[in-house]
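>>> I would like to see how this sequence folds:
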Amino acid sequence: MEKRDLVSRQGCPDDGRGAFVRITETGRATIERAATAHVRAVRHLVFDALTDDEVAQLGEIFHRLRSRVAQSAG
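Alright, predicted model coming up:
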């Protein structure tokens, strides 16, 4: 991704083992170009296959999972 100018990498001054990775303007533009097709594919492959009740259940499940992750990161 770095060779394609999608991200840039900088060493972490506090920890030589780490690095900071940042999206470049080229990377952001690439994401923006892909977004419409990505949303269309997710809608077709996931949400079109579910009833309204199932989508609501999925929302509840993801809410619980996000809460659990937030608690463990605490």
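>>> export the lengthiest strand in the chain as CSV, just CAs?
Secondary structure of the chain per DSSP state E: the longest strand is strand 15-23. Provided in CSV are the C-alpha atoms of strand 15-23 (Å, rounded to 0.1, in the frame of the first residue of the first chain):
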residue,chain,number,x,y,z
ASP,A,15,9.0,2.7,20.5
GLY,A,16,11.4,1.7,17.7
ARG,A,17,9.2,-1.4,17.1
GLY,A,18,6.1,0.6,16.2
ALA,A,19,5.1,2.8,13.3
PHE,A,20,2.4,5.3,12.5
VAL,A,21,0.5,4.7,9.3
ARG,A,22,-1.4,7.5,7.7
ILE,A,23,-3.7,7.5,4.7
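>>> next, the buried residues of the following helix or strand past that strand.
For strand 15-23, the following helix or strand on the C-terminal side (DSSP states H and E) is helix 25-45. Of the residues in helix 25-45, 27, 30 count as buried by neighbour count, 16 or more other C-beta atoms under 10 Å. Heads up, the C-betas are built off the backbone N, CA and C, glycines and all.
>>> how far is helix 25-45 from where the chain is centred?
11 Å (C-alpha atoms, centre = their mean, to the nearest Å).
>>> only C-alpha atoms, please: export it in CSV.
Only the C-alpha atoms of helix 25-45 are listed here, as CSV (Å, rounded to 0.1, in the frame of the first residue of the first chain):
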residue,chain,number,x,y,z
GLU,A,25,-4.5,11.9,-0.4
THR,A,26,-4.2,9.2,-3.1
GLY,A,27,-5.4,6.7,-0.5
ARG,A,28,-8.4,8.8,0.5
ALA,A,29,-9.4,9.4,-3.1
THR,A,30,-9.1,5.6,-3.8
ILE,A,31,-11.5,4.9,-0.9
GLU,A,32,-13.9,7.5,-2.0
ARG,A,33,-14.0,6.0,-5.6
ALA,A,34,-14.6,2.5,-4.2
ALA,A,35,-17.3,3.5,-1.6
THR,A,36,-20.3,3.6,-3.8
ALA,A,37,-19.7,0.1,-5.2
HIS,A,38,-18.8,-1.2,-1.8
VAL,A,39,-22.0,0.1,-0.2
ARG,A,40,-24.0,-1.4,-3.1
ALA,A,41,-22.4,-4.8,-2.7
VAL,A,42,-22.9,-4.9,1.1
ARG,A,43,-26.5,-3.9,0.7
HIS,A,44,-27.1,-6.6,-1.9
LEU,A,45,-25.1,-9.4,-0.2
